[in-house]
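Asks: Let's see this in three dimensions:
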Amino acid sequence: MMAKTKKKSNWLDVWKRLKKNKMAMFGLAIIIVLFLTAIFADFIAPFSYDEQDLLNMFQTPSAAHWFGTDEFGRDIFSRVVYGSRISLEVGFIAVGISLITGGLIGAIAGFYGGRLENLLMRAMDILLAIPEILLAIAIVAALGPSISNLMIAVGISSIPGYARLVRASVLTIREQEFIEAAKAAGSSDLRIIFKHILPNCMAPIIVQATIGVAIAILTAAGLSFIGLGIQPPTPEWGSMLSGGRSYIRDYPHMTLYPGLAIMVTIFALNLLGDGLRDALDPKLRS
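Replies: Residues are numbered from 1 along each chain as shown. Next up is the predicted model:
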């Protein structure tokens, strides 16, 4: 009971420190707005994301169309709003794939060591030798462009980073006294890993995952931009940028607003990640 109270108190202290960071709270507020936008997109967007009006093509921003219209007369504001669903879904699910898979690999390698660790980490080194974006491109090219394949590709390309992070954290914890006490009490390896080791590795994992979502969204937008991600007419910020680049000289609003959506989202996630890093830093705890 005392351990649970202490853990709750620690997270409360983290929240108090995070609240003092105005930039981190600003980033958190933007992310909350994005989530609410994605959840209530059907009520916020004035038009369907694929509703065409060929009589109102290439309209500049106005009261009727806040962000203007594209080459098919579709409302860009509505498409940006619906695009928030796709981008957040891809970002968080891709990070979930890489975090769970990489975390398990890193935890097993760090806990058991020896030949198993050497085998697993050399495999991660091979993946690390390939730039993430190139690995993602190769996976999507092999599987075919779709939202599920995009999430798988972005998730797999980020696995080595999480594996190395968790392994390093496990190596610093596995020799501590409470782990020896758990072993002496007869706890199984799985119980020790999931009950005692991983909960004590959460601070760096949370920070890395927050920033990882930003990287995943940016990677997904890049793949969609070159035609290997989500296909039209599904609204995705990267594919919207790609569709508007042919008209950027005459109708810059077609690329301006999807680009701003990507920029603001990445900016907010980085602000929150930096704030969490400072709030979770043991050196700042009194």
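
Asks: CA atoms only: put stretch 209-227 into PDB for me.
Replies: In PDB, the C-alpha atoms belonging to stretch 209-227 read as follows (Å, rounded to 0.1, in the frame of the first residue of the first chain):
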ATOM      1  CA  ALA A 209       7.500   7.900 -27.100                       C
ATOM      2  CA  THR A 210       6.300  11.500 -27.000                       C
ATOM      3  CA  ILE A 211       9.000  12.700 -29.400                       C
ATOM      4  CA  GLY A 212       8.600   9.500 -31.400                       C
ATOM      5  CA  VAL A 213       5.000  10.300 -32.200                       C
ATOM      6  CA  ALA A 214       6.200  13.600 -33.800                       C
ATOM      7  CA  ILE A 215       8.800  11.700 -35.800                       C
ATOM      8  CA  ALA A 216       6.200   9.100 -36.900                       C
ATOM      9  CA  ILE A 217       3.700  11.800 -38.000                       C
ATOM     10  CA  LEU A 218       6.500  13.500 -40.000                       C
ATOM     11  CA  THR A 219       7.700  10.200 -41.500                       C
ATOM     12  CA  ALA A 220       4.100   9.200 -42.500                       C
ATOM     13  CA  ALA A 221       3.600  12.700 -44.100                       C
ATOM     14  CA  GLY A 222       6.800  12.300 -46.000                       C
ATOM     15  CA  LEU A 223       5.800   8.800 -47.300                       C
ATOM     16  CA  SER A 224       2.400  10.100 -48.300                       C
ATOM     17  CA  PHE A 225       4.000  13.100 -50.000                       C
ATOM     18  CA  ILE A 226       6.000  10.800 -52.400                       C
ATOM     19  CA  GLY A 227       2.900   8.600 -53.000                       C
END
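
Asks: Make 5 the starting number, not 1.
Replies: OK, 5 is where the count begins now, so the last one is stretch 213-231.

Asks: Now find how far off-centre that stretch is within its chain.
Replies: Relative to its parent chain, stretch 213-231 has a centroid offset of 8 Å by CA atoms, centre = their mean, to the nearest Å.

Asks: how many other residues sit next to residue 82?
Replies: Neighbourhood size, residue 82 [other CB atoms under 10 Å]: 23. (Each C-beta comes from the backbone N, C-alpha and C, glycine too.)

Asks: unless I'm mixing things up, it is touching residue 51, no?
Replies: Yes: counting by CB atoms under 8 Å, residue 82 touches residue 51, with 4.4 Å between them.

Asks: Buried residues, the helix ranked longest in the chain. List them.
Replies: Using DSSP state H to define each element, the chain has its longest helix at helix 80-116. If you call a residue buried by 16 or more other CB atoms under 10 Å, then helix 80-116 has these buried ones: 80-92, 94-103, 105-115.

Asks: Packing partners of the helix or strand following it?
Replies: Next helix or strand after helix 80-116 toward the C-terminus (DSSP states H and E): helix 118-132. Counting contacts by 3 or more CB pairs under 8 Å, 6 or more residues apart in numbering; DSSP states H and E, helix 118-132 packs against helix 80-116, helix 163-177.

Asks: which one of those helices lies closest to residue 231?
Replies: Residue 231 lies closest to helix 80-116 among the helices and strands packed on helix 118-132, at 15.6 Å (CB to CB).

Asks: Any figure for the gap between the residue most central in space within the chain and residue 160?
Replies: By CA atoms, centre = their mean, the chain has its centre lying nearest to residue 217, at 1.3 Å. Going from residue 217 to residue 160 by CB to CB, to the nearest Å gives 16 Å.

Asks: what stretches of the stretch 55-204 of the chain score poorly on pLDDT?
Replies: Counting by pLDDT under 70, the stretch 55-204 of the chain shows no low-confidence range.
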